[in-house]
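Novice: Below is the sequence, then the predicted model.
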Protein chains: 4
Amino acid sequence: MEKVKVGIVGLGRLGRQHAENLAYRIPNCELAAVCSVIEAEVKEAQEKWNVPYGYLKYEDMLDNKELDAIFIASPSGFHCQQIKQALEAGFHVFSEKPLGLYLEEAEEVQEVVEAHPNQVFMLGFMRRYDRSYAAAKEKIEQGHIGEPIFIRCYGLDPAAQLDSFLQFAKSNYSGGLFLDMAIHDLDLARWYLKTEPKEVWAIGGGYARSEFDEIQDAETGAAMVRFENNAMGVFLAGRNCAHGYHIETEIIGTKGSLRIGTVPERNQIVIMSETGVVQECVAGFLERFEQAYLSEVEEFVNCILENRRPSVTVEDGVESTRLGYACKKSFETKQLVDVTKDKVTFQ
Amino acid sequence: MEKVKVGIVGLGRLGRQHAENLAYRIPNCELAAVCSVIEAEVKEAQEKWNVPYGYLKYEDMLDNKELDAIFIASPSGFHCQQIKQALEAGFHVFSEKPLGLYLEEAEEVQEVVEAHPNQVFMLGFMRRYDRSYAAAKEKIEQGHIGEPIFIRCYGLDPAAQLDSFLQFAKSNYSGGLFLDMAIHDLDLARWYLKTEPKEVWAIGGGYARSEFDEIQDAETGAAMVRFENNAMGVFLAGRNCAHGYHIETEIIGTKGSLRIGTVPERNQIVIMSETGVVQECVAGFLERFEQAYLSEVEEFVNCILENRRPSVTVEDGVESTRLGYACKKSFETKQLVDVTKDKVTFQ
Amino acid sequence: MEKVKVGIVGLGRLGRQHAENLAYRIPNCELAAVCSVIEAEVKEAQEKWNVPYGYLKYEDMLDNKELDAIFIASPSGFHCQQIKQALEAGFHVFSEKPLGLYLEEAEEVQEVVEAHPNQVFMLGFMRRYDRSYAAAKEKIEQGHIGEPIFIRCYGLDPAAQLDSFLQFAKSNYSGGLFLDMAIHDLDLARWYLKTEPKEVWAIGGGYARSEFDEIQDAETGAAMVRFENNAMGVFLAGRNCAHGYHIETEIIGTKGSLRIGTVPERNQIVIMSETGVVQECVAGFLERFEQAYLSEVEEFVNCILENRRPSVTVEDGVESTRLGYACKKSFETKQLVDVTKDKVTFQ
Amino acid sequence: MEKVKVGIVGLGRLGRQHAENLAYRIPNCELAAVCSVIEAEVKEAQEKWNVPYGYLKYEDMLDNKELDAIFIASPSGFHCQQIKQALEAGFHVFSEKPLGLYLEEAEEVQEVVEAHPNQVFMLGFMRRYDRSYAAAKEKIEQGHIGEPIFIRCYGLDPAAQLDSFLQFAKSNYSGGLFLDMAIHDLDLARWYLKTEPKEVWAIGGGYARSEFDEIQDAETGAAMVRFENNAMGVFLAGRNCAHGYHIETEIIGTKGSLRIGTVPERNQIVIMSETGVVQECVAGFLERFEQAYLSEVEEFVNCILENRRPSVTVEDGVESTRLGYACKKSFETKQLVDVTKDKVTFQ
């Protein structure tokens, strides 16, 4: 069995984690090239993980025909373009979420993906590969909770990162709270409920920080969605979670319910002291989803080797983006928004 | 110190619990009269708790000038009328929730209460007297979570009672899911957030039982509320909770958050068996709120003895009813509803 | 139905709690007399709870033939003598634990109780009446965990009371850690396992405070017991629990296990803050066992009214004392001690 | 940087897990040889993980001088001999626990290890590398719980494996419950408490299965240990845990306490159904300690590459074996056993 040779673009915090996984922890995978506009990052990566090829220009990496697959971990604004280029150059492609920051470009990517049916395309909705989330899917499919009728998703970034986010958001277009933070949850809702959204109302504000008003974004926001089959969804997203990185999902069905991550525990320790009984919490996404980040890439590599398609499709990226945009629109217009295709239009 | 002599009307399940508390468990209180249209209930109560006076007609009980206070535990449709009669007859009055099934009658009661400022009037929002809910209020007032910005309330009745509810609702007007079930939560939201609701969107359906469509009610429903200070509220109410009676409240603030009743535990036992680690759950409101039902009446009696006013006011009853009606209207019209006074009108 | 008239002796912290319960919260019970050597306590109690009779001398209270029952909440050293006197004066008797501080006097009391078979005698092993402990008994009897083979009991007093205990213990004989603190757990073990102890080894020390060495007692100690049916027991007792009052019991059976009170939660709130997810803990026995203190006395009064015998017998008091003494002896001699009757002898 | 070339002996369940880790998931490591007396296992492993060398005889593998390190995952009875051979042949050595089944051979290994100070020797006490156990160590070292005075360790194998264990144990010497199951916990106690054991009393039996009496072993057993600094330890080991694989550790200090693994949760899901609120549990050691099995080998490889010594020493193996033997002796003789070196003698 041959090894899949991968080139990665983007060597930021998450990119480096992926690079290390690709280099060391994925069976039958070889990290053969790294690419970043920052030369020092390329050098460091090549040395640290013994990577033969290093590039400053993405197009140069695409010219390397030794590679089998391109792994995109660059800033969100580049995803769509880089996916298209890589697919057209004949590579299998893995892209970090989101598919795109605009619905139109996401839809364009969908066309390109569909035009290259023999190449694996996978989007980094890694939660589906988290053991707890995957086991929940299985429980639901097995009928343990009956028919799902309600989903509640919390996606809360730690307060400790609030300042650095604000600094970033003032000079970059992040997509806003719902497209940037809630996108994983919007995907999970579609995955678990097996229905598409119909209407959404989103509210929120810059509760602890007025700077959010300036950038027309919400620090914390809530969206309620009615789905086509009349199931209900509640999504809370935020950037000011005092106790850490809080990702929690609840699905209520006609015969029972289940919750994932009620307490975002750091480990299996509880400490008993004057304070009471304390469970420390995870500080960020790399800590919470370490296993999922590994497993999704294992799946990507196995799909290539076994000529299969991953269960996360490009359509999942498009539809979650569509819902994210509807949340954003509702938040901005303060109105109920109809999510169904024909009616939602964006300038 | 004299004992407060109380007459109770209504000897249903909750009425009998109150009667037993009034008879035995409230310091400086004496259950002196019972009233019910069902003669057998009156007889049984008089014997069981050694109650001197028994009545079939409410007006007859009001003629008994030995009594100090009237305790109303009759069906919801009678509350407003009986409160007015008792106040006008000069008694202190405790009424079970809801204040009324219609907003107009609730507002009328408010006028009558305000016209009798020297008589104690208290509404049975017992959750405020539950130790956990009261402690949460204290934590919030002390600033432990900063400024509250989001509240999530679950009020889910056990599936085991679904059939008997449907039977009741087919021939009686319950007020509907939001006015009947969510009313406690709507009160809690106003209490914790210290703001009034501005807009609401409510959705839901008869997921497990189509009979709910016939009675134009929801078996499970969700309402999202934007408050005047831009705080957010999510309310889930239901009548089909597989694991029992699930009352849960979460308040997120700018500096932390707290949850009450995440697991609706029956007791402090966990059982470890082939099934896993299992925590059994409470079966109903009398089991969950036993202490609160006692404490609220202690407070009522103490208010009379000490010539104080309880912290639950008639206005709390009116405003929670107003919000409950707005939820109902939103659910029925499928529209965003403005809750502010002038705009909401009901025929 | 007549009310049971009770006279209480001892108006310390626990005595006052019992007095208030007897006065207000027990159906068909009347607190008719209070007795204490401290005149101010008697006065205060008579006024506060409207008690007709007050006594400074115990014998004077026993002369009051209006009373039906005597409730003993005096210091441990007086229990045996006062029980005997009250029984011989013809009263029903409730005594706080322990039965006695010495095995011989406990055995003497047993004889006196057995000589008055028509009078109710009950010992204050209130945990058996705590809802969680009672439900655990039921689960075990129903076979949910198979045959019990191991019990683990923690009885840990809060560190906040360590100083006041040391002050008390320097001038009073408390019985020592195992007889004073572990006695409830020793009773629970016999109750749940339905077997008698055979051998014990006890260890411990004055870990945080060397004063414990001076009074030949342990601040924290552990005892392991082998029972006659070869079941195992582990008992941890202590006076220096940082997070509060920690009472926890685990029973492992051949088919499952159960735990009571793993987290000594104060209420149903969890607080999420920078510290993590925090559950506050109960501060002491009155807070943890409020319901049990009430329920045991309800049972005592009902036994009198219904001419029944409580399930806690004087033998339970004697046998738990015997095991407590064996723990103490093992701790002092550093040897395995045989608990069976003939072999254990005390000077 | 060169890769460490490893040869593994033993391809049973745990051996295969290690082999897969060595092949794929350890940076700078190459699985270069596999050895087993079962030819099919060798074949399968070579193919599955693309391993160049396969051996049926251990001595043949030791002749392969391309290898840097030998990884021993063979049955316990072979450990000592194979460690000695590998060290004398000049290899770095990792051995699964236990060091040996007899104290004498463990002590012999210690001498050999000490005679080869330039070769890395590491024993598979993987729990020390589990994130929760490692974080607990850090918390203790930082003083969060004051001075540790009590440790409680549970090591309970799932009932689902009881039959296969009995089958194995009837024809093989496992070392018995305390040496085989409790050995990890005995090591943890020494690690956390930083003191050596002084006295032990161990009890137990074949509660659910009388076959344990026939093989003179305990199905479930408890040992209580007094350490040299007077700290206390309680160890529960068993092979009949209904809810799965239960590894739990508690350390109580003078200023607080901590627990690891109170609920042996399988994942972050809780399921709410008619049964109550359910947390499913891990089924075995590979599931619970997957991360630790990986991390310990990463540490082994890093120690070789960086010329360091792992924190688990051969002495840890010898001393935990000594205590395990003392537990076994106490269980068999029903006596308190002195663990200190001079006094414990074995035939």
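Specialist: Structure received.
Novice: In this structure residue A:99 contacts residue A:79, no?
Specialist: Yes: assessed by CB atoms under 8 Å, residue A:99 is found in contact with residue A:79 at 6.4 Å. Backbone N, C-alpha and C define where each C-beta goes, glycine included.
Novice: Between these two, which is the more surrounded one?
Specialist: residue A:99 (30 against 26; other CB atoms under 10 Å in any protein chain shown).
Novice: In which helix or strand does the closest residue in space to the more buried one that isn't next to it in sequence reside?
Specialist: Distances taken as CB to CB, 6 or more residues apart in numbering or on different chains put residue A:317 closest to residue A:99, at 3.2 Å, once the chain neighbours are dropped. Per DSSP states H and E, residue A:317 falls inside helix A:314-333.
Novice: Go ahead and measure how far that helix is from the middle of the chain.
Specialist: 14 Å (CA atoms, centre = their mean, to the nearest Å).
Novice: so where do the strands sit in the stretch 201-347 of chain A?
Specialist: With strands called from DSSP state E, counting those that start in this stretch, the stretch 201-347 of chain A shows them at A:220-227, A:232-241, A:246-253, A:257-260, A:269-273, A:276-279, A:337-338.
Novice: before we move on, the earlier item: what sits against the residue nearest to residue A:99?
Specialist: If you count contacts by CB atoms under 8 Å, 6 or more residues apart in numbering or on different chains, residue A:317 has them with A:97-100, A:106, A:109-110, A:123, A:125.
Novice: Next one: it from residue A:114, what distance?
Specialist: 12 Å (CB to CB, to the nearest Å).
Novice: likewise residue A:62?
Specialist: 20 Å.
Novice: Would you agree residue A:268 is in contact with residue D:268?
Specialist: No: using CB under 8 Å, residue A:268 is not in contact with residue D:268, being 11.3 Å away.
Novice: Tell me the buried residues in stretch A:125-140?
Specialist: For stretch A:125-140, a neighbour-count test (16 or more other CB atoms under 10 Å in any protein chain shown) marks A:125-130, A:132-133, A:135-137, A:139-140 as buried.
Novice: when you check chain D, which of these turn up near it?
Specialist: A:132, A:135-136, A:139 (CB under 8 Å from any CB of the partner chain).
Novice: Which ones among those map onto helices?
Specialist: Using DSSP state H, the members of these that fall in helices are A:132, A:135-136, A:139.
Novice: Switch those over to JSON lines; also include distance to chain C and pLDDT.
Specialist: Listed next are those as JSON lines, based on distance: CB to the nearest CB, whole Å; pLDDT from 0 to 100:
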{"residue": "A:132", "distance to chain C": "17", "pLDDT": "98"}
{"residue": "A:135", "distance to chain C": "22", "pLDDT": "98"}
{"residue": "A:136", "distance to chain C": "21", "pLDDT": "98"}
{"residue": "A:139", "distance to chain C": "22", "pLDDT": "98"}
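Novice: Closest one of those residues to residue C:118?
Specialist: residue A:139 (59.7 Å; CB to CB).
Novice: Alongside chain D, which residues does chain A contribute?
Specialist: Contact residues, chain A versus chain D (CB under 8 Å from any CB): A:1, A:23-27, A:50, A:131-132, A:135-136, A:139, A:144-145, A:255-262, A:265-274.
Novice: Stretch A:172-187: which residues count as buried?
Specialist: Of the residues in stretch A:172-187, A:174-187 count as buried by neighbour count, 16+ other CB under 10 Å.
Novice: burial of the spatially closest residue to residue A:216 that is not a sequence neighbour, as a residue count?
Specialist: Among residues not flanking residue A:216 along the chain, residue A:332 sits closest, at 7.1 Å (CB to CB, 6+ apart). By other CB under 10 Å, the residues close to residue A:332 number 14.
Novice: State the distance from residue A:332 to chain D.
Specialist: Applying CB to the nearest CB, to the nearest Å, the value for residue A:332 to chain D is 34 Å.
Novice: same check, this time on residue A:236
Specialist: Counting by CB to the nearest CB, the gap from residue A:236 to chain D is 18 Å.
Novice: So what's the residue count around that residue?
Specialist: 25.
Novice: partners of it in the sheet?
Specialist: Beta-bridge pairing for residue A:236 (DSSP bridges): residue A:154, residue A:222.
Novice: near chain C at all, stretch A:264-272?
Specialist: Yes: using CB under 8 Å from any CB, a contact is recorded between stretch A:264-272 and chain C, made by A:264-266, A:270, A:272.
Novice: Residues contacting that stretch, please?
Specialist: Taking contacts as CB under 8 Å, 6+ apart, the residues outside stretch A:264-272 that touch it are A:243-248, A:277-283, A:287-288, C:242-243, C:246, C:263, C:276-277, C:281, D:131-132, D:135-136, D:139, D:144-145, D:256-262, D:265, D:268.
Novice: how about 7 Å then?
Specialist: A:244-247, A:277-282, A:288, C:242-243, D:131-132, D:135-136, D:139, D:144, D:256-262 (CB atoms under 7 Å, 6 or more residues apart in numbering or on different chains).
Novice: nearest residue to residue A:240 other than its sequence neighbours?
Specialist: residue A:159 (4.8 Å).
Novice: Can you list the neighbours in contact with whatever helix or strand residue A:187 lives in?
Specialist: According to DSSP H and E, residue A:187 maps onto helix A:183-193. For helix A:183-193, contacts defined as CB under 7 Å, 6+ apart pick out A:97-98, A:125, A:127-128, A:137, A:140, A:148, A:151, A:153, A:155, A:196, A:227, A:231, A:233, A:235, A:249, A:251, A:316, A:319-320, A:323-324.
Novice: swap the cut-off to 8 Å and go again
Specialist: A:97-98, A:125, A:127-128, A:133, A:136-137, A:140, A:148, A:151, A:153-155, A:178, A:196-197, A:225, A:227, A:229, A:231, A:233, A:235, A:237, A:247, A:249, A:251, A:316, A:319-321, A:323-324, A:327.
Novice: how far out from the middle of the chain is it?
Specialist: 11 Å.
Novice: Give me the angle between it and strand A:232-241.
Specialist: 150 degrees (axes from the mean of the first three to the mean of the last three CA atoms, to 10 degrees).
Novice: quick one, helix A:183-193 and helix A:314-333 angle?
Specialist: Using the same axes, to 10 degrees: helix A:183-193 against helix A:314-333 is 120 degrees.
Novice: Any residues of chain A in contact with chain C? List them.
Specialist: Neighbours of chain C within chain A, by CB under 8 Å from any CB: A:242-244, A:246, A:263-266, A:270, A:272-281.
Novice: what's the nearest residue to residue A:131 if we skip its chain neighbours?
Specialist: residue D:267 (5.2 Å).
Novice: ok, now how distant is the one you found from residue D:285?
Specialist: Where residue D:285 is concerned, residue D:267 sits at a distance of 16 Å (CB to CB).
Novice: Quick one: mean pLDDT over the helix or strand residue A:105 falls within.
Specialist: Taking DSSP H and E as the criterion, residue A:105 maps to helix A:103-115. Averaging pLDDT along helix A:103-115 gives 95.
Novice: Report the buried residues of that helix.
Specialist: Quick answer for helix A:103-115 (16+ other CB under 10 Å): A:103, A:105-110, A:112-113.
Novice: which helices and strands does that helix pack with?
Specialist: Packing contacts for helix A:103-115, counted by 3 or more CB pairs under 8 Å, 6 or more residues apart in numbering or on different chains; DSSP states H and E, involve helix A:79-88, helix A:314-333.
Novice: which residues touch it?
Specialist: Contact with helix A:103-115 is made by A:80-81, A:83-84, A:87-88, A:98-100, A:121, A:314-315, A:317-318, A:321-322, A:325, A:346, as judged by CB under 8 Å, 6+ apart.
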